[in-house]
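K.L.:
Build me a model:
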Amino acid sequence: MSQHKVVLLLGSNIGDTKSNIDTAINRIKEVNFILKKSEYLTSLPVEFVSSNIFCNIAAIIFTHFSPVQLLNFIKKIELDMGRANDSKIFGVYTDRIIDIDIVSYNDLNFISERLEIPHKKHLFEREFSKILLKDFINT
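P.N.:
Numbers count the residues shown, from 1 in each chain. Here you go, the predicted structure:
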């Protein structure tokens, strides 16, 4: 079974944000190999207003999942952890206990209704993402 190199971004701005991220990372590593994690970074919400500050990290994983299988896997983690609103479905950003985004998957370019790889907003628009990803994209 082949392994695919994937860069993920994780964020949380509800409750114990670091613990939420650690819980998600532990769930991810149950079936994937985590090669590298960034330091935690706090940031203001992007594209919506909230008084809750985000905690974010980037991670490089190796997975046997296809892009859609990986998306389904991380969406299940989000749902299991209590995330109620998916911004892709509802079209608005809100506070969230956990958010896990696939930023890149090998060198794949992939677009569907549910998923776009690479994640252009994280790569080119969001400052917190650029900080977290500066040492990750070409690793």
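
K.L.:
Identify each buried residue in the lengthiest helix in the chain, please.
P.N.:
When the chain is parsed with DSSP state H, its longest helix is helix 67-80. Under the neighbour-count criterion of 16 or more other C-beta atoms under 10 Å, helix 67-80 has Pro67, Leu70, Leu71, Phe73, Ile74, Lys75, Ile77, Glu78 buried. C-beta coordinates here come from the backbone N, C-alpha and C atoms, glycine included.

K.L.:
any idea which of those is the one closest to Asn109?
P.N.:
The shortest separation between Asn109 and any of the buried residues of helix 67-80 is 10.6 Å, and it belongs to Pro67 (by C-beta to C-beta).

K.L.:
thought that closest one was touching Ile111?
P.N.:
No: if you go by C-beta atoms under 8 Å, Pro67 and Ile111 don't touch, sitting 10.4 Å apart.

K.L.:
Let me see the ranges of the strands in this structure.
P.N.:
Remark: strands of the chain, listed N- to C-terminal, are 4-12, 33-37, 41-43, 54-63, 99-105, 110-111, 116-117; assignment by DSSP state E.

K.L.:
Would you quantify the distance from His4 to Leu35?
P.N.:
Per C-beta to C-beta, to the nearest Å, His4 is found 12 Å from Leu35.

K.L.:
Spit out the residues that contact those two alike.
P.N.:
With contacts taken as C-beta atoms under 8 Å, 6 or more residues apart in numbering, His4 and Leu35 have Phe62 as neighbours in common.
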